[in-house]
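Participant: Mind folding the following:
(2 chains)
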Amino acid sequence: MAAGHSARRRPQRGTAYQQSPLSFAEITRDVMGEATTRWLEVSKGTAREEASRALAEAAPIVAKHWSEILDRLWKTYTEPRKDEDFLATQREFQVFFLGETNQMMKEVMGTKGFAAMAGTSVESYLKAKIASDRMMEELLKTMRIPTKTDIDDLHSSIYSLSKKVDQILTGPTPSRRPRAPKGRR
Amino acid sequence: MLAHAQRVRSTTDPVSKFQKGIEVLANPPRVEVGMTPCDVVYREDKMRLLHYHPVTKNPLKPPLLVVYAVINKPYILDLQPDRSVIAALQKRGVDVYMIDWGIPSSYDRQLGIDDYVQGYIDRAVNHMCEREGVDQVSIMGYCIGGFLTTIYAALHPEKVRNLILMAAPVDFHVDGALLHLWTRPEYFDPDLVVEAFGNVPAEFLNGGFAVLDPLGNTTLKYMGLMERAEDEEFVKMFFRMEKWVADGVPVAGRFYKEFIRGVYQQNLLVQSKLRVGDELVDMDALTQPLLIIVAEKDHIVPPDSTRNLAKYVPSRDVKVLSMPVGHIGLSVGTEPHKVLWPQVADLIAKRSGPRRRHRSSKRSKR
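Facilitator: Take a look at the predicted model:
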């Protein structure tokens, strides 16, 4: 993070900061923007490149929603209302926070970067499971214990047989009905 | 002092509310679901055809076959007496049958779209026709059941009087659904899922659905329960829904592969390019009256995914009804039961009675 840039944006205590509530949004956007840019540079050409691109896509969304949350937090606790029900105010902020976070998560999940990362994670898990199942099958075969593959083969045969029985009982489908040979009408 | 003591004991006291909420979560009430009386009139493998006892003297003909999705139990359509789609239709004289797909075992991994449509649904319809002395039925499909019934109506238009679709995924190349993005071929391979699991486990599917509304499904709904823990009716309804959500069923492996590849990824159905067995599913065959019911806040099946079917069919009697509710809200929401279902029952009733001449306008494009 460029020091000079951050120093200019660093929040000031006292009335100057209180007069500029939008600085939360600016700070959040700047911090996240700089972090993701730096992360993208560092991870280029590495295994983390896909994750970095996903992060870069998600960062503006997170920044947008977090700035809303921080802004609301600031207003809630620095602008007290008369005759305020403290518990009701807490509850109101809690509902707002959860709703905003939920919306943020949905938007992040709707990015291509997230879809790619989720797809990669699921694929890795499934491939690991398949490999593990195969190892288990090989072990069980040495003990001459029927395996899942054996059962699946059996099921496949039963299914084919039941289809043949259905065909025998109902006759061939219209597209498969044999055409009458030419000359015989 | 007295006022304070009263406030502490009152039901609006947050501490009492919280305590009541914890009590309810720790000891949930016993709930019953699917209470509308019915008989099992036909069985095939795991599939059962249920016939609900008519409540009017002369139920309308043709009867209605309700087909729900293969990924959950169908009693969502009959969750409780005042939130039952079955009961709402029966009140208007509709004679209701419903398919209960049962729970697939490892044998059912072989089942594909053709088995469900040309096998189970077709034989259920044949049985209904024989039993009721009719040659047509009306069909209502909900969610993936709507996808299956659309195919059935296109392959057997002569047997389907009216086609009703509820939040049915038909057009998959529309914006607005996370599932459509996540299942794109560059991100997701359904063959791997089936190779790893055989039948796709309910937990895998439910996990995907839960993540679509992460805090809604894990936090916000329980906060809502804590707020209304003293409302007995609300609490019972809540736990009926929880029971249904937890009651998922696995999906047959081949069906899952065909559905994701052919339909989610390639969107073959509305292009009239989907083959089911040897048959091509032609949207031009859908000439019967079509009622499309859309949930405007559906984050599982985008509204346009159902609504767009109207663009692809030649039927002259197409009606679209929409409600500002979510995917499940269509069947259990308060507003749909006040407004939508009486309207649907009336529409079905108007299109029942003696058979009108069926106009077949199959224009083969291929």
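
Participant: Let me see the mean pLDDT of stretch A:77-86.
Facilitator: Taken as a whole, stretch A:77-86 has an average pLDDT of 71.

Participant: So for it, first residue to last residue, what's the gap.
Facilitator: Stretch A:77-86 has an end-to-end distance of 10 Å (criterion: C-alpha to C-alpha, to the nearest Å).

Participant: Stretch B:223-236 now?
Facilitator: End-to-end for stretch B:223-236, by C-alpha to C-alpha: 16 Å.

Participant: Could you report the pLDDT at the residue nearest the centre of chain A?
Facilitator: Nearest to the geometric centre of chain A sits residue A:109, at 4.3 Å (C-alpha atoms, centre = their mean). As predicted, residue A:109 sits at a pLDDT of 93.

Participant: so it makes contact with residue B:178?
Facilitator: Yes - assessed by C-beta atoms under 8 Å, residue A:109 is found in contact with residue B:178 at 5.7 Å. C-betas here are computed from N, CA, C, even on glycine.

Participant: so where does the residue of chain A found nearest chain B fall, helix or strand?
Facilitator: Among residues of chain A, the one nearest chain B by C-beta to the nearest C-beta turns out to be residue A:119. It sits 3.3 Å away. If you go by DSSP states H and E, residue A:119 is part of helix A:112-142.

Participant: which other helices and strands contact that helix?
Facilitator: When contacts are defined as 3 or more C-beta pairs under 8 Å, 6 or more residues apart in numbering or on different chains; DSSP states H and E, helix A:112-142 sits against helix A:49-78, helix A:86-109, helix A:148-170, helix B:178-182, helix B:190-197.

Participant: Which one of these lies nearest to residue B:128?
Facilitator: Across the helices and strands packed on helix A:112-142, residue B:128 has its closest neighbour in helix A:148-170 (17.6 Å, C-beta to C-beta).

Participant: got the angle between the helix holding residue A:119 and helix A:148-170?
Facilitator: Relative orientation of helix A:112-142 versus helix A:148-170 (axes from the mean of the first three to the mean of the last three C-alpha atoms, to 10 degrees): 100 degrees.

Participant: Quick check: buried residues in helix A:112-142?
Facilitator: By 16 or more other C-beta atoms under 10 Å in any protein chain shown, the buried positions in helix A:112-142 come out as A:113-119, A:122, A:126, A:133.

Participant: next one: stretch B:329-336
Facilitator: If you call a residue buried by 16+ other C-beta under 10 Å, then stretch B:329-336 has these buried ones: B:329-333, B:336.

Participant: Kindly report the same for stretch B:161-175.
Facilitator: Applying 16+ other C-beta under 10 Å to stretch B:161-175 flags B:161-172, B:174 as buried.

Participant: With stretch B:129-137 instead?
Facilitator: Neighbour-count burial for stretch B:129-137 [16+ other C-beta under 10 Å]: B:129, B:132, B:134, B:136-137.

Participant: could I get the helices and strands packed on helix A:112-142 as a markdown table with distance to residue B:43?
Facilitator: Formatted as a markdown table, those follow (distance: least, C-beta to C-beta, whole Å):
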| stretch | distance to residue B:43 |
| --- | --- |
| helix A:49-78 | 49 |
| helix A:86-109 | 41 |
| helix A:148-170 | 15 |
| helix B:178-182 | 32 |
| helix B:190-197 | 27 |
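
Participant: one step back: narrow the buried residues of stretch B:129-137 to those in helices?
Facilitator: Secondary structure from DSSP state H places B:129, B:132 of the buried residues of stretch B:129-137 in helices.

Participant: how about the residues of chain B near chain A?
Facilitator: Residues of chain B lying near chain A by C-beta under 8 Å from any C-beta of the partner chain: B:14, B:106-107, B:109-110, B:119, B:178, B:181-182, B:184, B:186-189, B:192-193, B:195-196, B:198, B:211-216, B:219-220, B:223, B:277-279.

Participant: What about those, which are in helices?
Facilitator: Within the residues of chain B next to chain A, residues falling in helices by DSSP H are B:14, B:178, B:181-182, B:192-193, B:195-196, B:211, B:214-215, B:223.

Participant: contacting residues around residue 72?
Facilitator: By default, I'm working from chain A. A:93, A:96-97, A:100 (C-beta atoms under 8 Å, 6 or more residues apart in numbering or on different chains).

Participant: actually chain B
Facilitator: Applying C-beta under 8 Å, 6+ apart, we find residue B:72 in contact with B:244, B:247-249.

Participant: Could you do residue A:149 as well?
Facilitator: For residue A:149, the contacting residues are residue A:137, by C-beta under 8 Å, 6+ apart.

Participant: now do residue B:317
Facilitator: Shown in contact with residue B:317 (C-beta under 8 Å, 6+ apart): B:288-290, B:351.

Participant: Can you give me the pLDDT of residue 137?
Facilitator: I'll assume chain A. Confidence score, pLDDT, at residue A:137: 93.

Participant: Hmm, no, I was thinking of chain B.
Facilitator: 96.

Participant: partners of it in the sheet?
Facilitator: Beta bridges link residue B:137 to residue B:160, judged by DSSP bridges.

Participant: wait, it sits on residue B:130?
Facilitator: No - applying C-beta under 8 Å as the test, residue B:137 and residue B:130 come out as separate, 11.2 Å apart.

Participant: Let me see the contact set for the residue lying closest to residue B:291 once chain neighbours are set aside.
Facilitator: Counting by C-beta to C-beta, 6 or more residues apart in numbering or on different chains, residue B:164 is the residue found nearest to residue B:291 once chain neighbours are left out, at 4.5 Å. Going by C-beta under 8 Å, 6+ apart, residue B:164 touches B:138-141, B:290-291, B:293, B:344, B:348.

Participant: Help me confirm that residue B:164 is found in a strand?
Facilitator: Yes - read with DSSP: H, G, I helix; E, B strand; the rest coil, residue B:164 is one of the residues of a strand.
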